[in-house]
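Student: No sequence on hand, only this structure:
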């Protein structure tokens, strides 16, 4: 069994990440994945995440 790993970040950054996640979930629920630029944005994200 793999043990969970942890990191330490500022509470402010953690809260910003939670808000960003909630906003992304709301966009996806509203159908943003049907937007013509969605795939392009995913490609840009994939490139910047490396």
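Tutor: Done, it's in. Keep in mind it's a predicted model, so treat the numbers as computed, not measured. Residues are numbered from 1 along each chain as shown.

Student: those helices in this protein, which residues are they?
Tutor: Assigned by DSSP state H, the helices in the chain fall at 11-29, 38-48.

Student: Turn those into a markdown table, columns for distance to residue 4 and mean neighbour count.
Tutor: Backbone N, C-alpha and C define where each C-beta goes, glycine included. Compiled in a markdown table, the helices of the chain are given as follows (distance: least, Cβ to Cβ, whole Å; neighbours: other Cβ atoms under 10 Å):
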| stretch | distance to residue 4 | mean neighbour count |
| --- | --- | --- |
| helix 11-29 | 16 | 10 |
| helix 38-48 | 25 | 10 |
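
Student: Could you dump the ones you listed into TSV with distance to residue 5 added?
Tutor: Below are the helices of the chain laid out as TSV (distance: least, Cβ to Cβ, whole Å):
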stretch	distance to residue 5
helix 11-29	16
helix 38-48	23
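
Student: need those helices in TSV with mean pLDDT, can you?
Tutor: Below are the helices of the chain laid out as TSV (pLDDT from 0 to 100):
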stretch	mean pLDDT
helix 11-29	94
helix 38-48	81
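
Student: of the ones you listed, which approaches residue 3 most closely?
Tutor: Residue 3 lies closest, by Cβ to Cβ, to one member of those: helix 11-29, at 21.3 Å.

Student: now the closest one against helix 38-48, angle please.
Tutor: Angle, helix 11-29 to helix 38-48, by axes from the mean of the first three to the mean of the last three Cα atoms, to 10 degrees: 150 degrees.

Student: Quick one: distance of helix 11-29 to the chain centre.
Tutor: 7 Å (Cα atoms, centre = their mean, to the nearest Å).

Student: counting contacts, what elements does that helix pack onto?
Tutor: Helix 11-29 makes packing contacts with no helix or strand when contacts are defined by 3 or more Cβ pairs under 8 Å, 6 or more residues apart in numbering; DSSP states H and E.
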